[in-house]
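K.L.:
give me a model of this one.
(one chain, ligands or ions: 3)
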Amino acid sequence: MRAFSCPVCSRLVTFESDRCLHCGAAMAFDPATRGLVALDFGTVAVADAATQAVEGRDRCANATLIHCNWLAPPTAPAVPVDGPDPNAGAPREALCASCALTRTRPADSDTEGLERLAGAERQKRRLHFELLELGLPIADGQEEPGGLIFDLLSSAVAPVTTGHADGVVTIDLAEEDDVHRVKMREQLAEPYRTMLGHLRHEVGHYYWTVLVADAGDEARLAEARGLFGDDTEDYGAALDRHYAEGAPDDWEDRHISAYATMHPMEDWAETWAHYLHLWDALQTAASYRVSVAGPEHVTDPSGTFAGRVEAPVVGRFPEALEQWLPVSYALNALNRSLGSQDLYPFVLSPPVVEKLAFIDRAVAAAAVPRPADVPAT
Ligand SMILES: [Zn+2]
Ligand SMILES: [Zn+2]
Ligand SMILES: [Zn+2]
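P.N.:
Residues are numbered from 1 along each chain as shown. Ligands and ions are numbered 1, 2, ... in the order given. Prediction:
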């Protein structure tokens, strides 16, 4: 994640901010420019000449319902009419680019479901932002066949299985409940389980189709199968085997998680989610100019690490990854000092690093031209 500043007074705000706590300016995140824009000037009487509030733009229609802080798409231009027409230029129903991908959500009368939806959509906007940052194509499944669709459902109403099929990502909103999620994490002996992790994993299945299976690149598909295994392997049989026998004892030598051993497609999705975790964490570390200059035996085993984290660049991820290890050691040590568990409870074996590098190359090959980068502040 980038670090953001208030478009009016330049104080630090967050990706989730809808109002500046310092000057009171209302703001919204504009996915088109991947930056926060002012909707008004708050208590600042005369705006700086360099600052302009966006005019004629509204917040996402979900702003009140689930506290979405994104900007609705620009109103469709008015159709020129010959004579008076009350409908000319009327704004169409205005959900932001992220909320628009959600096809099904809890009913307005389901207060608990909506509370969990707000949490899940907040994480989904983070996911969406990162996909934009990576330059990945995001097809709207309700407009284009095979594109992305999210069904965010409450299992308090009917049974829900979190998963992915043909672009449709289904999420059980019960995972927003801390007690439920921790219980599941312990039951499955997972070191890490978050809503953001679920979203990253499930969207990974979609990008397997886009970047590998349907990319029309036989060499890439063959390389993927060499690294992750045969994606056509019987899924039902693999699932039964995994839940009967569990992961092999030495899974950490080749996989990022025990679940990744279940089927080649789960290995891809787990590694994909990890790629997004690391890319985001490195971008955040670079935005905050995090440096780890010691201890020497950690930061400089090969003399290559310069101390300060550089923002990751798509296609050059292996270099960025080298910077992550000293940062993760420092973060884990800090967490332990505060009596918490490790922030980064993972081991990156050489085969996992190879898989991450493959995903990075696949992302680089698919990256679409996008508006100029907003400068990191
Ligand atoms: Zn401000
Ligand atoms: Zn929205
Ligand atoms: Zn999966």
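
K.L.:
can you tell me the SS state at the most centrally placed residue in the chain?
P.N.:
Nearest residue to the geometric centre of the chain (Cα atoms, centre = their mean): residue 127, 1.9 Å. Recorded secondary structure, residue 127: helix (DSSP: H, G, I helix; E, B strand; the rest coil).

K.L.:
mind listing what's buried in stretch 102-117?
P.N.:
102, 105, 106, 110, 113, 114, 116, 117 (16 or more other Cβ atoms under 10 Å). (Each C-beta comes from the backbone N, C-alpha and C, glycine too.)

K.L.:
inside helices: which ones of these?
P.N.:
Members of the buried residues of stretch 102-117 lying in helices (criterion: DSSP state H): 113, 114, 116, 117.

K.L.:
would you format those as CSV with pLDDT included?
P.N.:
Converted to CSV, these look like this (pLDDT from 0 to 100):
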residue, pLDDT
113, 94
114, 95
116, 96
117, 97
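
K.L.:
would you point out the most distant pair within the residues you listed?
P.N.:
The most widely separated members of those are 114 and 116, with 7.4 Å between them, by Cβ to Cβ.

K.L.:
and for these two, which residues touch both?
P.N.:
Common contacts of residue 114 and residue 116 (Cβ atoms under 8 Å, 6 or more residues apart in numbering): residue 106.

K.L.:
what sits against residue 236?
P.N.:
Taking Cβ under 8 Å, 6+ apart as the definition, residue 236 has no contacts.

K.L.:
which helix or which strand is home to whatever residue of the chain ends up closest to ligand 3?
P.N.:
Closest to ligand 3 within the chain is residue 269: 4.2 Å, counting by Cβ to the ion. Per DSSP states H and E: residue 269 is located in helix 264-287.

K.L.:
would you mind confirming that the residue of the chain closest to ligand 3 is in contact with residue 202?
P.N.:
Yes: with contact defined as Cβ atoms under 8 Å, residue 269 and residue 202 form a contacting pair (7.3 Å).

K.L.:
continuing past the worst-scoring helix or strand of the chain on mean pLDDT, what's the next helix or strand?
P.N.:
Least confident element among the helices and strands of the chain, by mean pLDDT, DSSP states H and E: helix 296-299 (a mean of 64). Going down the chain from helix 296-299, the next helix or strand is helix 317-337, by DSSP H and E.

K.L.:
contacting residues around the residue nearest to the centre of the chain?
P.N.:
196, 199, 200, 203, 276.

K.L.:
farthest-separated two in these?
P.N.:
196 and 203 (10.7 Å).

K.L.:
which of these two has more neighbours?
P.N.:
residue 203 (26 against 18; other Cβ atoms under 10 Å).

K.L.:
mind telling me what element that one is part of?
P.N.:
helix 195-208.

K.L.:
what sits up against that helix?
P.N.:
119-120, 123-124, 126-127, 131, 136, 148, 162-164, 167, 169-171, 175-176, 181, 231, 265, 268-273, 276-277.

K.L.:
for ChimeraX, write the select line for the buried members of those.
P.N.:
Of the contacts of helix 195-208, the buried ones can be selected in ChimeraX as follows, counting by 16+ other Cβ under 10 Å:
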select :119,120,123,124,126,127,131,136,148,162,164,167,169,170,171,175,176,181,231,265,268,269,270,271,272,273,276,277
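
K.L.:
how is this structure carved up into domains?
P.N.:
1-75, 98-214, 217-377 (automatic domain parsing).

K.L.:
just to revisit the earlier point, touching ligand 3 at all, the helix holding residue 203?
P.N.:
No: shown here: helix 195-208 not in contact with ligand 3 (Cβ under 5 Å from the ion), separated by at least 5.5 Å.

K.L.:
I'd like the average pLDDT over the next helix-or-strand element following that helix.
P.N.:
Taking DSSP H and E as the definition, the helix or strand that follows helix 195-208 towards the C-terminus is helix 218-228. The predicted model assigns helix 218-228 a mean pLDDT of 98.

K.L.:
got the angle between the following helix or strand past helix 218-228 and helix 264-287?
P.N.:
Using DSSP H and E, the helix or strand that follows helix 218-228 in sequence is helix 235-245. Relative orientation of helix 235-245 and helix 264-287, computed by axes from the mean of the first three to the mean of the last three Cα atoms, to 10 degrees: 80 degrees.

K.L.:
which parts of helix 235-245 are buried?
P.N.:
Of the residues in helix 235-245, those buried (16+ other Cβ under 10 Å) are 238, 242.

K.L.:
and it, C-alpha only, in CSV?
P.N.:
Extracted C-alpha coordinates of helix 235-245, given in CSV (Å, rounded to 0.1, in the frame of the first residue of the first chain):
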residue,chain,number,x,y,z
TYR,A,235,-9.6,-32.3,-7.8
GLY,A,236,-12.2,-34.4,-5.8
ALA,A,237,-9.7,-37.2,-5.2
ALA,A,238,-7.0,-34.7,-4.2
LEU,A,239,-9.4,-33.1,-1.7
ASP,A,240,-10.3,-36.5,-0.2
ARG,A,241,-6.7,-37.4,0.1
HIS,A,242,-5.7,-34.1,1.7
TYR,A,243,-8.4,-34.4,4.4
ALA,A,244,-7.7,-38.1,5.0
GLU,A,245,-3.9,-37.9,5.1
